[in-house]
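A.B. asks: missing the sequence, but the structure's below:
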């Protein structure tokens, strides 16, 4: 880059057009960046709108929050109430904003934590304040500061302890806040009891308002969310299994539309891989919820976590299975053709069992067919073992018959000739696929175990009387048997 | 269960010993439950102590929080300062409690969000207040409430939008809080500007105090944490690979002490499976941190997430590999023996590469040996392919030689005889193991790719001049070559 300055008569002439050129360029650049900004903003709003349309409960949550805040503001605007709770109504507003959460469980968790931590810290601070005031003017600030330091350090550290973190994290925060505020303000304000009384009243007004709004206007229960998440994950695992089979054996040729859909369908397991955190937070909040819908107060939410973990271990294996599908090393078609039936049977019994388990959880009735299906799955696994065993003979036979009637077969020509004595290397990719499938079936079996435990804990009804449930399962079973 | 009441003379006699018996039982039960309570409390404190001893930074964090709070309380105790910032010093205390976080990034994120959201919401609320006050006594509360409702709803909804959630979640909360508090209080308090000025001053005092404490007293940087987490995960993957090999081929016989250690070592990958959430939160907070240590302000933290994802995909495959190790279906020893060398070579090159990558990231110098090691890994994979190919012949030879000199071999006698024509079923478990290993090697290759991208983005120095780094890698390479 060079930088030239012409000194002389020509300079002013040369600079003038340059300047105007610069101005117009700047103008254009500004216009452009403004347009880009507008487009970006528009894109942002469109995305936000789509988010809300996909899950209208998000809109509803926003409206609920606005409503709760407006209600609490009305308290403040109405004089009689204002005189009742005092000038601290601000605390009610703060409580509403901070405590309002998406799910009922989270809101109750925060509310209870806030109320109890505030009262505990308030009493403790009053006690410390009294001790400090008895010890003379000189030591008062020392004792107060020391108490703040010790309690704040201990409470902050305790937030690292897993059991505290899971249940009382927010409470610890509020404890520190209230304690330090009361002991600091205690130095000046004399009517501490009055303040404490008002503060508690406003906090209780705020929390009860919020709890009423979250519980009675389109409530979102954390327990229900966990329940739905587990069911959805089961369906995703089943779809992934079906999709993987189709991808491995089936329509590999047409790489266009339907295949992409298949790909998306078979990738559902990825959501299962990453759902641990949300499962745990839902289970944590569900514990605080009162009985609702089909769930009692002491519903065994921890068992849901076990079911989720078992499902995730299936998902890990499906991930490895997808590695096989996308690997460069593929078994020849003849091998795949031989194993296809048995593999598809194992996979479809697995996916049917998973769907049946999802239905079991959804309807809270024990499925009469799960045991039968599990046996069916074991038979299918045994069959897959058998067809793996018979693979060399079958391939030899096929290659012999193909070499005899060479005019008929043209496609599998190249590998058929060389496969006179079956090379192990050609079999291995498909055998790996099959063994992973067998591993998946054993993991599905452990999912069955966890769901059975859940059924016992919640005392699910024994289904089977309901003809509709049975008939669909039977229909599905028939479908498998027809398919293979 | 029956319930009998004896009416008559004997009843009082019978009741008296029963009552005293009941009292003593109650006493014993109370004592017991009290002791159980004490033991539980003791266990809790011991656990907490252990938590702090394992990671002393947790103690330090608690002490830092106490210190920040005590400092801000001192502000309040000293009269001149008290007169300066007004009675709102409470807000400084609140700011300190709420904003103080474990990592510097999280603290800065919350501080900046708090300051900007408070000022934005304050100005907006003043504007709305002015408009409302112009529209007459009757419409004033209506306009105020409507504004609170609309803005609170919109802000609450916006917290669901991923980009907002990642960067401005806390800001949205504070925005709602400040806006509704100012517009509610605006109805009564006339000196809104004064309040706003005081509030801002206290918040800025609080946040700067907190930022100074977190940044200069034993700081914990989110970026450094992410950096260390990725390195640790790499080491865990390498250890898991080594441990799995030992478990599969090696000391399966001695099921006692060393094996358990091996088991623990080989299960390190499980931490990697679940570290996505913490990686993401660290990367989110690291973005807010100023340059520190070896990291510039614009360090490509997102690339770390890619490295983490690539590592996780390795971990999924290791999970499947562990499924093979724990499976009931095991290949006979002869097959394992034949594949052992090649498998161990692939696995050890993989683990050496992973450790080398960990060192690359740790020292921010490009390793000169990674390319060489990758080639080495590909050679090892090719060798594994070859030994899979030669497996049938080798087994035939072995069984022949064994049947010739039967007196020498006694242990592998049973399967050697039947293995005259190698049954596919016996080979499959080991072949599955080998293919998973090959899949792992290709995933390690993609980790190499992401780390190379990272090295380019951060302009890592080219290592190799440093003799120590080179010599250790060479040492390790020599170790592999010796081992196989």
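C.D. replies: Nice, I can see it. Predicted, not measured: the structure shown is a model, and the values here were computed from it. Numbers count the residues shown, from 1 in each chain, chains lettered A, B, ... in the order given.

A.B. asks: what about chain A, any weak spots by pLDDT?
C.D. replies: A:1-19, A:76-89, A:186-191, A:251-263, A:398-422, A:463-484 (pLDDT under 70).

A.B. asks: So in it, which helix runs the longest?
C.D. replies: helix A:10-54 (DSSP state H).

A.B. asks: Just the buried positions in the helix or strand following that helix, please.
C.D. replies: Per DSSP states H and E, the first helix or strand lying C-terminal to helix A:10-54 is helix A:57-77. Buried residues in helix A:57-77, counted by 16 or more other Cβ atoms under 10 Å in any protein chain shown: A:58-73, A:75-77. For every residue, glycine as well, the C-beta is placed using N, CA and C.

A.B. asks: Those also near chain B: which ones?
C.D. replies: Applying Cβ under 8 Å from any Cβ of the partner chain to those, one finds that A:58-59, A:61-63, A:65-67, A:69-70, A:73, A:76-77 fall near chain B.

A.B. asks: Just flag the most distant two among those residues.
C.D. replies: Greatest spacing in these, by Cβ to Cβ: A:58 and A:77 (29.0 Å).

A.B. asks: what are the ranges of the strands in the stretch 151-300 of chain A?
C.D. replies: Remark: no strands are assigned in the stretch 151-300 of chain A by DSSP state E, counting those that start in this stretch.

A.B. asks: Can you name the residues of it sitting close to chain B?
C.D. replies: The stretch 151-300 of chain A has residues A:151-154, A:156-158, A:160-161, A:163, A:173, A:176-177, A:180-181, A:183-185, A:187, A:273-274, A:276-277 near chain B, with proximity defined as Cβ under 8 Å from any Cβ.

A.B. asks: From those residues, list just the buried residues.
C.D. replies: A:151-154, A:156-158, A:160-161, A:173, A:176-177, A:180-181, A:183-185, A:187, A:273, A:276.

A.B. asks: From the residues you listed, which land in helices?
C.D. replies: A:151-154, A:156-158, A:173, A:176-177, A:180-181, A:183-185, A:273, A:276.

A.B. asks: Need the residues that contact stretch A:274-287.
C.D. replies: With Cβ atoms under 8 Å, 6 or more residues apart in numbering or on different chains as the test, stretch A:274-287 has contacts from A:103, A:105-106, A:109, A:166-167, A:221-223, A:225-226, A:229-230, A:233, A:295, A:299, A:301-302, A:304-305, A:308-309, A:312, B:274, B:276-277.

A.B. asks: Of the residues you listed, just the buried ones, PyMOL syntax please.
C.D. replies: Selection of buried members from the contacts of stretch A:274-287 for PyMOL, criterion 16+ other Cβ under 10 Å:
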select buried, (chain A and resi 103+105+106+109+221+222+223+225+226+229+230+233+295+299+301+304+305+308+312) or (chain B and resi 276)
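
A.B. asks: excluding its backbone neighbours, what's nearest residue A:340?
C.D. replies: residue A:249 (4.8 Å; Cβ to Cβ, 6 or more residues apart in numbering or on different chains).

A.B. asks: Next up, the contacts around that neighbour.
C.D. replies: Taking Cβ under 8 Å, 6+ apart as the criterion, residue A:249 is in contact with A:336, A:340, A:343, A:344.

A.B. asks: May I see the ones next to chain B among the buried residues of helix A:57-77 organised as TSV, with distance to residue B:442 added?
C.D. replies: Putting these into TSV (distance: Cβ to Cβ, whole Å) gives the following:
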residue	distance to residue B:442
A:58	40
A:59	45
A:61	44
A:62	46
A:63	50
A:65	49
A:66	52
A:67	55
A:69	54
A:70	58
A:73	61
A:76	64
A:77	67
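
A.B. asks: I'd like to know which of the residues you listed is nearest to residue A:332.
C.D. replies: Using Cβ to Cβ, those come closest to residue A:332 at residue A:58, 50.7 Å.

A.B. asks: Look up phi and psi at the closest residue to the closest one other than its chain neighbours.
C.D. replies: The shortest distance from residue A:58 to any non-neighbouring residue, by Cβ to Cβ, 6+ apart, is to residue B:160 (4.8 Å). Phi and psi for residue B:160, reported as degrees, to the nearest 10, are phi -80, psi -20.

A.B. asks: returning to what we had before: filter the contacts of stretch A:274-287 down to the ones in helices?
C.D. replies: Counting by DSSP H, the contacts of stretch A:274-287 place A:105-106, A:109, A:166-167, A:222-223, A:225-226, A:229-230, A:233, A:301-302, A:304-305, A:308-309, A:312, B:276-277 in helices.

A.B. asks: List the residues that contact the residue nearest to residue A:179 when sequence neighbours are not counted.
C.D. replies: Ranked by Cβ to Cβ, 6+ apart and with sequence neighbours excluded, the top spatial neighbour of residue A:179 is residue A:121, at 4.0 Å. Contact analysis of residue A:121 by Cβ under 8 Å, 6+ apart lists A:174, A:175, A:176, A:177, A:178, A:179, A:182.

A.B. asks: Touching, the fourth one and residue B:96? I think so.
C.D. replies: No - taking contacts as Cβ atoms under 8 Å, residue A:177 lies outside contact range of residue B:96: 9.3 Å.

A.B. asks: And the nearest residue to residue A:143 once chain neighbours are set aside, which helix or strand is it part of?
C.D. replies: In this structure, residue A:143 finds its nearest non-sequential neighbour in residue A:132, 4.2 Å apart by Cβ to Cβ, 6+ apart. In the assignment (DSSP H and E), residue A:132 maps to helix A:104-134.

A.B. asks: can you pull the contacts of residue A:364?
C.D. replies: Residues counted as contacts of residue A:364 (Cβ under 8 Å, 6+ apart) are A:294, A:458, A:460, A:461.

A.B. asks: Kindly indicate the member of those with the most neighbours.
C.D. replies: For the contacts of residue A:364, neighbours were counted using other Cβ atoms under 10 Å in any protein chain shown, and residue A:460 has the most, 18 neighbours in all.
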